[in-house]
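[1] Here is my input; please provide its structure:
(one chain, ligands or ions: 1)
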Amino acid sequence: MPLTLQTLWTATLMFGGFVAVLFVASALLPGSRQQGAELADGTRLTYKLNGFLIFLLTVAGVAIATWRFGFSLAPVARHFWPLFVVVNLFAFALTGILYLTGRRQAEGLWRGLFFGAKLNPNWLGVDLKMFSYRPSLIGLMVLNVSFAYLQFEVHGQLSQPMLLFQVFFLLYIGNYFQYEYGMLFTWDVIAERFGWMLIWGDYVLVPFFYSIAGWTLLDRTEPLPTPALFALPAMYLLGFWLFRGANEQKHRYKRDPQARIWGRPAQTIGGRLLVSGFWGVGRHLNYTGEILMYLSWTLTTGFEQPWPYILPTWLISLLVHRAWRDDRRCRAKYGELWDAYCKRAKFRMIPFIY
Ligand code: NDP
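    Reported below is the predicted structural model:
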């Protein structure tokens, strides 16, 4: 759709309605109460985690509305560029509002705008940093699924690559919300203030950049070659197992050092570094797993267009650098224990290579 006042207005209604519904649902729907990481003053915030319920209700709502009332998400895909403009404006406006309301805690104007003023802004009992992962990831899911609706409208069919892509993505996002509490212990939630960097990343970068593969699949109607039909799900499942398995094992161990991993009590080096399960094999198999998942859904797009490969390439560079940086940080923190750990789990992400 071209950028006109009419399409921008429609995009504003779509996006505004979407964020408003998610916000009200986050505030009102029940969810388990979990404590976050310890803050600098020794206290902990309590979060209500109802993202998985909101995710399931969104999926069920769209499915029922489609089945019973012929609802279509194709207009979302058609308004991709108007939505892109509106969401950008929203991200800048939210940055400004959060700066103005928290400027007493900001470290200067530019740092306050870019990195944020407040660590944990909260509106009507909803933590804005945790909330914003919902429009971000549920928004990404809606955008992706809208490409499937559009393909069906334009070509009268849902192609095999499109179906596979949708299943891979739905599982990835559903799984994220199922383990939403894990986000409470990420660097962003623990230590980053909520400013333009996180806001733009959540609302613009993730939905609009991570959906490039879906966009590319719109006109790809031919089926996948038979080997790919088996290889891509296998690659995805292997990635899923490593990614979720490794993250879960570490979370469980950090919460309860007596946790059982792969059926046995957790083993450690010096009582501080887990060497059971995936963590005794490699030091960042969670990164390897996530990259395999990204590659598997990107490969559904074939090789005609280079654009979808920008995302896995970007993720690979990010995680390779992050693994190297994390090694340095852990060596400084754990000293000789880390050296002993590196002798046990010899590689970071790929055996004999990295
Ligand atoms: P990790 O979950 O791997 O956490 C690393 C930290 O875990 C270390 O700094 C150390 O922290 C602790 N640790 C490391 N080894 C051990 C061990 N053997 N035993 C106990 N603790 C250990 O990394 P991230 O937080 O970077 O990533 C979390 C997830 O987010 C990953 O799955 C990653 O793939 C994903 N991610 C996704 C991105 C995306 O854009 N899709 C971007 C970035 C990350 P401590 O000091 O607490 O001990």
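[2] Once you drop chain neighbours, what's closest to residue 163?
    Nearest residue to residue 163, sequence neighbours excluded (Cβ to Cβ, 6 or more residues apart in numbering): residue 148, at 7.8 Å. For the C-beta atoms, the positions are set from N, CA and C on the backbone; glycine is no exception.
[3] helix or strand for that neighbour, which one?
    Taking DSSP states H and E as the criterion, residue 148 maps to helix 128-155.
[4] quick one: contacts of the helix or strand of the chain with the lowest mean pLDDT?
    Least confident helix or strand, the chain: helix 187-191 with a mean of 85, by mean pLDDT, DSSP states H and E. If you take Cβ atoms under 8 Å, 6 or more residues apart in numbering as the criterion, helix 187-191 is touched by 36, 37, 119, 129, 130, 183, 184, 198.
[5] Next, find the distance separating the fifth one from residue 328.
    Counting by Cβ to Cβ, to the nearest Å, the gap from residue 130 to residue 328 is 29 Å.
[6] wait, the residue nearest to residue 163 sits on residue 166?
    Yes. In this structure, residue 148 is within contact of residue 166 by Cβ atoms under 8 Å, at 5.5 Å.
[7] ok, back up a step: could you point out which element follows the least confident helix or strand of the chain?
    Next helix or strand after helix 187-191 toward the C-terminus (DSSP H and E): helix 196-200.
[8] hmm, that next one touching the ligand?
    No. Applying Cβ under 6 Å from any ligand atom, one finds helix 196-200 separated from the ligand by no less than 12.5 Å.
[9] Please name every helix or strand in contact with that helix.
    The helices and strands touching helix 196-200, judged by 3 or more Cβ pairs under 8 Å, 6 or more residues apart in numbering; DSSP states H and E, are helix 80-102, helix 109-114, helix 128-155.
[10] ok, now with 10 Å
    Helix 196-200 sits against helix 80-102, helix 109-114, helix 128-155, helix 187-191, with contacts defined as 3 or more Cβ pairs under 10 Å, 6 or more residues apart in numbering; DSSP states H and E.
[11] which residues in the stretch 201-350 of the chain form strands?
    260-261, 264-265, 268-269, 273-274 (DSSP state E, counting those that start in this stretch).
[12] what's the neighbour count on the residue in the stretch 101-250 of the chain that the ligand sits nearest to?
    In the stretch 101-250 of the chain, the residue that lies nearest the ligand is residue 247 (5.0 Å; Cβ to the nearest ligand atom). Other residues lying near residue 247 total 17 when counted by other Cβ atoms under 10 Å.
[13] So it is in contact with residue 241, correct?
    No. Taking contacts as Cβ atoms under 10 Å, residue 247 lies outside contact range of residue 241: 11.2 Å.
[14] any shared contact partners between the two?
    Jointly contacting residue 247 and residue 241 under the rule Cβ atoms under 10 Å, 6 or more residues apart in numbering are 278, 285, 289.
[15] Nearest to the ligand among these?
    Closest approach to the ligand among the shared contacts of residue 247 and residue 241 (Cβ to the nearest ligand atom): residue 289, at 7.2 Å.
[16] which residues touch the closest one?
    236, 238-247, 278, 349.
[17] Quick one: residues contacting the closest residue to residue 254 other than its chain neighbours.
    Nearest residue to residue 254, sequence neighbours excluded (Cβ to Cβ, 6+ apart): residue 185, at 7.4 Å. Residue 185 sits next to 36, 37, 250, 251, 254, 255 when contact means Cβ under 10 Å, 6+ apart.
[18] How much space separates the third one from residue 327?
    It stands for residue 250. Per Cβ to Cβ, residue 250 is found 15 Å from residue 327.
[19] In terms of packing, which of those two has more residues around it?
    Shown here are residue 250 and residue 327; by other Cβ under 10 Å, residue 250 has more neighbours (18 against 15).
[20] looking at it, the more buried one is touching residue 274, isn't it?
    Yes. Counting by Cβ under 10 Å, residue 250 touches residue 274, with 6.4 Å between them.
[21] Overlap of the contact sets of those two?
    Overlap of the contact sets of residue 250 and residue 274 (by Cβ under 10 Å, 6+ apart) consists of residue 261.
[22] Residues of the stretch 51-200 of the chain that sit close to the ligand?
    residue 186.
[23] Swap in 8 Å and give it another go.
    Within the stretch 51-200 of the chain, the positions near the ligand by Cβ under 8 Å from any ligand atom are 182, 185, 186, 187.
[24] ok, of those, which one's closest to residue 212?
    Within those, proximity to residue 212 (Cβ to Cβ) peaks at residue 186, which comes in at 24.2 Å.
[25] Run a quick neighbour tally on the closest one.
    Residue 186 is flanked by 11 other residues according to other Cβ under 10 Å.
[26] Residue 346: neighbouring residues, count only.
    Residue 346: 12 surrounding residues under other Cβ under 10 Å.
[27] Since that was my last question, I'll sign off now.
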